[in-house]
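>>> Take this sequence and fold it.
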Amino acid sequence: MRPRRRLSIPEVFGLSPLSLAASQAALVLRGDPLVPPARFDRTSLAMVTPRLSVATWLGLKPAGRVIPLLNLFNHTPTAPADGWSVRFTQVRDFRGRGLTYDSHNGTDFVIPPGTVTVAAAAGRVVSVRREFNRGGLKVYLDHGAGLMTSHHHLGRALVAVGDRVTRGQPVALTAYSGLDGLSAFPWVAPHVHYNVTLGGVLVDPFAPAGEVSLWRDANAPRPAPGPALPEDDVAPTTFSPGGVAALLDDLRDDGRRATLGAIADPTLRAFELIIEATVYPTRFTTPDAGRLLFVDPPPRAPRLDLPFTGSDYDGVGFADDLGFR
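Next up is the predicted model:
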C-alpha cells in the first residue's frame, strides 16, 4: 500500500494562506447579495457519523480496501435560490434511496487525509481554486468532449493549470479543507467531494437503471488498469460560437464579470465560467447557465475510473450498506 503523505494542519483545513481563508470566511459571515445563505436544521445531524469519521481522521480505513461513499448526487435538489441546504428534507440518490442531502451535487469519497487522488481519465488541468467558503482547495480537469471533473477539499495540489495528465496520474493529496471541514471536525468524515460536469452542467456519474453510467465499470468504479487507454484519445472540448460572450453577459456580478473576462486564454476563460456557474449558480440569470457554451449537450459515455490508486483501494461501497449511516 502506498504510504500517505503528512500534511500540515493549515493544509488539512485549507488555512494557508491564512489571510485568504480569513477573507473568504468573512464573506460567509457578512453574506453576498447574489448568494443566499446556507440552510440547516436538526435533520443535518445525519451528516454526523462518528464511527466512520473518527477512524478516518486517525488515518485508518474503516472499510479496508473499500472506499465508503458518504453522500451521493441528489436527484431531487432544492432550488439554488433557496440557498445551499445541508438538510435532509427532499433526497433521492441514483438508487432511489436517501444517501445524500438537499443540495448535494457530487460524490463524497471518505478518505484519510494525505491519500493520493488521481485523474479518473486523461486530460488537462484547467483550474486550481482555493475557496475556503466553498470546497477548500480544488483541482479541475478537462477530459475533452465536454467532460470535466473536479476534486474538492484537498490538502495539496500536485499539478498546475495547463498540465497534461494521464489516466491514473496523481493530481493532489486529500484532506478536508474549507470552512465546513474545520467546523465539522471531527464528527464529519474527511472526504473528497467529487464533481462531474458534462456540457457545462453538474451530473451524477452513477446512473439509475436504464441510463448510461460515466464510470467505465458501470456503477462500481475501480482504479485505472494502466496509465493510458485507447479511449483516452477523445476530441478536445469546444464551445459554441459566441457562447463564452453569452455566458459572461449572463453573469450578474460585475466584479466577477470583469475578473473572468480579463482571462487572456479564451478556453480557460470558458472553463472558469463553467466553474463559476456550477459553484455560484445564483450569480447568473439563466438556470444551469453553463449550457450556454454548448450547441448540443454531449452524450453520456463510460469514460471514468476511480480517482484513487489500485495500491490504496479496490473499489467503493455505500455508507448505508456498510452500516455507517
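>>> quick one: the helix or strand Ser53 falls within to chain centroid distance?
Assessed by DSSP states H and E, Ser53 sits inside helix 50-57. Chain-centre distance of helix 50-57: 21 Å, with C-alpha atoms, centre = their mean, to the nearest Å.
>>> Pull out the buried positions in it.
Going by neighbour count (16 or more other C-beta atoms under 10 Å), the buried part of helix 50-57 is Leu52, Ser53, Ala55, Thr56, Trp57. Yep, even glycine has a C-beta here, placed from its N, CA and C like the rest.
>>> Give me the pLDDT value at the last one.
According to the per-residue confidence, Trp57 scores 97 in pLDDT.
>>> Which residues outside stretch 90-104 are in contact with it?
Counting by C-beta atoms under 8 Å, 6 or more residues apart in numbering, stretch 90-104 makes contact with 39, 44, 46-47, 69-78, 80, 84-89, 204, 206-208, 219, 318-320, 325, all of which sit outside it.
>>> now these: which count as buried?
Neighbour counting with 16+ other C-beta under 10 Å marks 39, 44, 46-47, 69-74, 77-78, 80, 84-88, 204, 206-207, 318-320, 325 as buried within these.
>>> Out of the residues you listed, which sit inside strands?
In strands, defined here by DSSP state E, the members of the buried ones among the contacts of stretch 90-104 are Leu69, Phe318.
>>> what mean pLDDT does stretch 294-309 have?
Confidence for stretch 294-309, expressed as mean pLDDT, is 96.
>>> I misspoke; the intended subject was stretch 193-204.
Average pLDDT, stretch 193-204: 98.
>>> tell me the secondary structure for Ala246?
The three-state assignment at Ala246 reads helix, by DSSP: H, G, I helix; E, B strand; the rest coil.
>>> just checking, it touches Phe294?
No. At 11.1 Å, Ala246 does not count as touching Phe294 under the criterion of C-beta atoms under 8 Å.
>>> out of the two, which sits in the more crowded spot?
Neighbours per residue (other C-beta atoms under 10 Å) separate Ala246 from Phe294, with Phe294 holding more: 19 against 15.
>>> which residues does the more buried one contact?
When contacts are counted by C-beta under 8 Å, 6+ apart, Phe294 touches Gly146, Gly199, Gly200, Phe239, Ser240, Gly243.
>>> For the closest residue to the first one other than its chain neighbours, give its distance to Asp250.
Using C-beta to C-beta, 6 or more residues apart in numbering and skipping the chain neighbours, the partner closest in space to Gly146 is Pro298 (3.5 Å). Using C-beta to C-beta, to the nearest Å, Pro298 is found at 20 Å from Asp250.
>>> ditto for Ala270
Ala270 sits 13 Å away from Asp250, going by C-beta to C-beta.
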